[in-house]
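Asker: Here's my sequence, what's the structure:
(2 chains)
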Amino acid sequence: MKIRFLLPLLLFMVVIGILGRGLRLHPNVIPSPLINHPAPAFALPSMLHTGETTTDKNFLGHVTLVNVWATWCYACAQEHPFLLEISTAPQRDFMLYGLNYKDDPAKARDWLKQHGNPYQQIAIDETGDTAINWGVYGSPETFVLDKKGIIRYKQTGPITQEVWAQTLKPLIEKLRNEA
Amino acid sequence: MVPELGNFALIIALAFALIQAFSPVASRVRVTLNYPAVLGQFVFLSFAMLCLIASFLQNDMSVVYVQEHSHRLLPFMYRVGAAWGGHEGSLLLWCLILCGWTLALLIFSGKELAVMTISRIISLLGFISTGFISFLFFTSDPFRRIFPLTPAAGEDLTPVLQDPGLIFHPPMLYLGYVGFAIAFAFAICALIEGKLDKNWAQTLRPWVIMPWSFLSMGIVLGSWWAYRELGWGGWWFWDPVENASLLPWLSATALLHALIVSEKRNAFKGWTLLLAIVTFTLSLLGTFLVRSGVLVSVHTFASDPTRGVFLLAYLALVIGGAFVCYGVRIKHFYHPPAFELFSRETLLLINSVILLTAVATISLGTLYPIVLDALDLEKISVGAPYFNLVFLPVILPLLLLMGIAPHVNWHNQSFKALWKKLRGVFLLCVSGGIALPLLAGFEFKWLASLGLAFALWIMLATGQYAYQLWQQRKSVSWQNAAMIVAHLGIAVLALGITLNKAYSEERQVKISPHETVILAGYQFTLEKIAETRGPNFKSETATFRVQKNQGTPHYLTAQQRIYDSHEQSLSKPGIIANVWRDLYLALGAPLDNGAWSVRIYYKPFVRWIWSGGFMLLIGGFLSLMNSLSLRRKA
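Answerer: Below is the predicted model of the structure:
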């Protein structure tokens, strides 16, 4: 048997190998180009303190989670109880900020009153311009920022128990111990 | 009750598929189980499909698949289509169509081959079917119920799927994909038996032609659907899943031509077998890419990893086995070439090579992101610029050949005689390519002239061939008519693609009510915009008056829809079409004071693209007539 007759088989096996490896990857997870860059600057009205402004300077000095959410977002509502849980935990060692994305602020306030507010601060991004600068392409998304306000991680999709225990919690601990 | 019946029907169908797979064993004791097994399987798969459709029509929201893909307010027609609008249902359709093809093969060609040969082919198809029905039943059961029952309206069908295209595009595409299983089974059977004769090639030919025609039509319908529904004004995006449908089409085209040589000249047997295996491999690969979620695409459904693993194992087993078989047995099919260097055989060989090169370049672009990701290098996506760049130089020589090949004799051809015959056409199309756009008042663009020259080349050379045939015989055989129509179809397609690419215009503008915007000489006036209500969506509906100079005004409506069950909005473009151009308008986002951002496109010759594709279908039909007429003579 000549070896060239088996060439199609060899080629096919290489393709199968690659596809098999590919199955264990997550093509939807696109790393944000903003990782290890300072959070894009913004100044937006605050939802919790009417008349005040929330800016990127508010991120300095502590580990911050910035959660992009909206009342029209179905997955955000599913994520919400878990955010309440981590935010009201006794030894919380981070700040949870919300970025209210393309929403009606009055509706959002009512929604929080009804379901509880996990956020320490909320910036109102009615036009979605800030979200564009942050590279948000869906909600919910959560950015993890270190004490210097540098984006270190981005979670696309809801934070689940699993994501929290395996990724976010250890990361927050690590960032907290950084200078 | 209905879903349970459907589920039960699947189990029985699976049993029949197993009987079908092992039917040659029974034929040793002189019992033919082929026909009852295939028929039984077909009946029960059809019944399962009807049960699924019935569940949709009854709005049985306790069935997970219905709940995820339908909505109480979803219009009737889309509820039928939704039965194959998701992973599980489309897989059921896959199985049903495979079984339908097998049944048709048995009925129409069952007597043309030796009993043992047809029995082996049916058995191989039975193994393929067993694998897919198991996959359906064990990993993707469409009839699974949710308990406890929560009153739900249903999550609804994804808005882009709510289009008449849904009813026809997937079945057409699957009729193509799945049909290539027959050629695959024929090839494996030939390898096992070590025999490939004229009768084999002649019997197989219609079973390649039909799926090829359906696939051509499926691709065309998909393109037309994307154009109407996605609101980007494009008709082909080099999306991984589009590529997955184009790949088997290209290789099946090569197979079609190789089969002619096998049938008429008793040559290219190795090629024919390899192409038959490769074509079905690419079909399965396409199914894998769509179903496993390994690539990011508009077509991939949310998927769970066990499905991908199952499909990959299946692919490795079926295709790996086929290639082993090929490697071990192909030496029995080797003949020294019995034709001269310049002959129709050579040109058809080059045709195969070019088409496979196209397959390789498109596969490379499609799989490259996975390769890089698999090697942990980086995440990238390969887009239209790559494909446009590499596809054009690969495909242009093919267009050149298409004009020449019909004029070239089998076995041997004098180059001088050919040049004498075609030089007039050659000069005509070079000058026509340059002059025609200028005469029609378009500016000179090299892409347009190139496309026009090549399209004219095919049209004129094919026309000359048809004329000669008529002169000699006063009649045109089905086979020649098929070739002529299909080749002209490719010319029309090439013309549409290049002229559209060269002369399309677009503008993105802000427009307020009663304002007018001009594009390509057409005045678009926003007459009114108002909120309207559809069956399961609300929408901002804009009416535009479109007028050229002071000509008759036309009206088009474009909508920005928000579906009740999805927060996602869908921009439904308005289109005014004629043979020469489409005017295409899509609403963007509302701006201040009642103004809207809109995108307006002028798309010349876009209909030619789909018309060319439709001509391929007609060509396929004519070729089928040829196969039928051969049978009648035999």
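
Asker: What backbone torsions are found at residue B:484?
Answerer: phi -60, psi -50 (degrees, to the nearest 10).

Asker: Going by residue numbers, what spans are helices in chain A?
Answerer: Ranges of helices within chain A are A:7-23, A:74-87, A:105-115, A:129-133, A:161-163, A:169-177, based on DSSP state H.

Asker: Now do the same for the shortest one: mean pLDDT, whole number.
Answerer: The pLDDT scores in helix A:161-163 average 82.

Asker: That helix and chain B, are they touching?
Answerer: No - taking CB under 8 Å from any CB of the partner chain as the criterion, helix A:161-163 and chain B are apart, separated by no less than 15.1 Å. No exception for glycine: its C-beta is placed from N, CA and C like everyone else's.

Asker: Can you give me the buried ones in that helix?
Answerer: With burial defined by 16 or more other CB atoms under 10 Å in any protein chain shown, the residues of helix A:161-163 counted as buried are residue A:163.

Asker: From the contact counts, what lies against that helix?
Answerer: For helix A:161-163, the contact count by 3 or more CB pairs under 8 Å, 6 or more residues apart in numbering or on different chains; DSSP states H and E identifies no helix or strand as a packing neighbour.

Asker: ok, and what's touching stretch B:324-335?
Answerer: Contacts of stretch B:324-335 from elsewhere in the structure, counted by CB atoms under 8 Å, 6 or more residues apart in numbering or on different chains, are A:1-2, A:5-6, A:8-9, B:188, B:191-192, B:194, B:196, B:266-267, B:269-270, B:273-274, B:277.

Asker: That should have said stretch A:86-101, apologies.
Answerer: Stretch A:86-101 is contacted from outside by A:47, A:54, A:58-59, A:62-70, A:73, A:83, A:108, A:118-126, A:128, A:130-131, A:134, A:136, A:139, A:159, A:164, A:172-173, A:176, using CB under 8 Å, 6+ apart.

Asker: hmm, 7 Å instead?
Answerer: By CB atoms under 7 Å, 6 or more residues apart in numbering or on different chains, the residues outside stretch A:86-101 that reach it are A:47, A:62-70, A:83, A:108, A:118-125, A:128, A:130-131, A:136, A:139, A:164, A:172, A:176.

Asker: what's the answer for stretch B:119-130, then?
Answerer: Counting contacts by CB under 7 Å, 6+ apart, the residues outside stretch B:119-130 that touch it are B:14, B:17-18, B:20-21, B:23-24, B:27, B:34, B:38, B:41, B:95, B:98-99, B:102, B:106, B:181, B:185-186, B:188-189, B:192, B:318.

Asker: How far off centre is that stretch?
Answerer: Relative to its parent chain, stretch B:119-130 has a centroid offset of 24 Å by CA atoms, centre = their mean, to the nearest Å.

Asker: any idea of the mean pLDDT for that stretch?
Answerer: 94.

Asker: repeat for stretch B:588-607
Answerer: Per-residue pLDDT values over stretch B:588-607 give a mean of 87.

Asker: Same question for it: list its buried residues.
Answerer: Those buried within stretch B:588-607 under the rule 16+ other CB under 10 Å are B:588, B:595-596, B:598-607.

Asker: Now do it: distance to the chain's middle.
Answerer: Averaged over its C-alpha atoms, stretch B:588-607 has a centre that lies 30 Å from its chain's centre (CA atoms, centre = their mean).

Asker: List the neighbours of it that are in contact with it.
Answerer: The list of residues contacting stretch B:588-607 from outside it, by CB under 7 Å, 6+ apart, reads B:233, B:235, B:495-496, B:499-500, B:503-513, B:517, B:519-520, B:524, B:529, B:542, B:577, B:579-587.

Asker: cool, and stretch B:190-202?
Answerer: B:112, B:117, B:120, B:186, B:259, B:262-263, B:266, B:269, B:273, B:325-326, B:329, B:332-333, B:630.

Asker: ok, these vs chain A, which is closest?
Answerer: Nearest to chain A among the contacts of stretch B:190-202, counting by CB to the nearest CB, is residue B:326 at 6.4 Å.

Asker: ok, that closest one - how many residues close by?
Answerer: 24 (other CB atoms under 10 Å in any protein chain shown).

Asker: pLDDT score assigned to it?
Answerer: pLDDT, read off for residue B:326, is 92.

Asker: tell me which residues of the host helix or strand of it are tucked away?
Answerer: Following DSSP states H and E, the helix or strand that holds residue B:326 is helix B:305-329. Residues of helix B:305-329 classed as buried by neighbour count (16+ other CB under 10 Å): B:307-308, B:310-312, B:314-316, B:318-320, B:322-323, B:325-327, B:329.

Asker: Tell me how far the closest residue to chain A within the stretch 401-550 of chain B lies from residue A:73.
Answerer: With distances taken as CB to the nearest CB, the stretch 401-550 of chain B approaches chain A most closely at residue B:538, which sits 14.2 Å away. With distances defined as CB to CB, to the nearest Å, the gap from residue B:538 to residue A:73 amounts to 19 Å.

Asker: more neighbours, those two?
Answerer: A side-by-side neighbour count of residue B:538 and residue A:73, using other CB under 10 Å, places residue A:73 first with 20 against 15.

Asker: Who are the contact partners of that one?
Answerer: For residue A:73, the contact set (CB under 7 Å, 6+ apart) comprises A:139-140.
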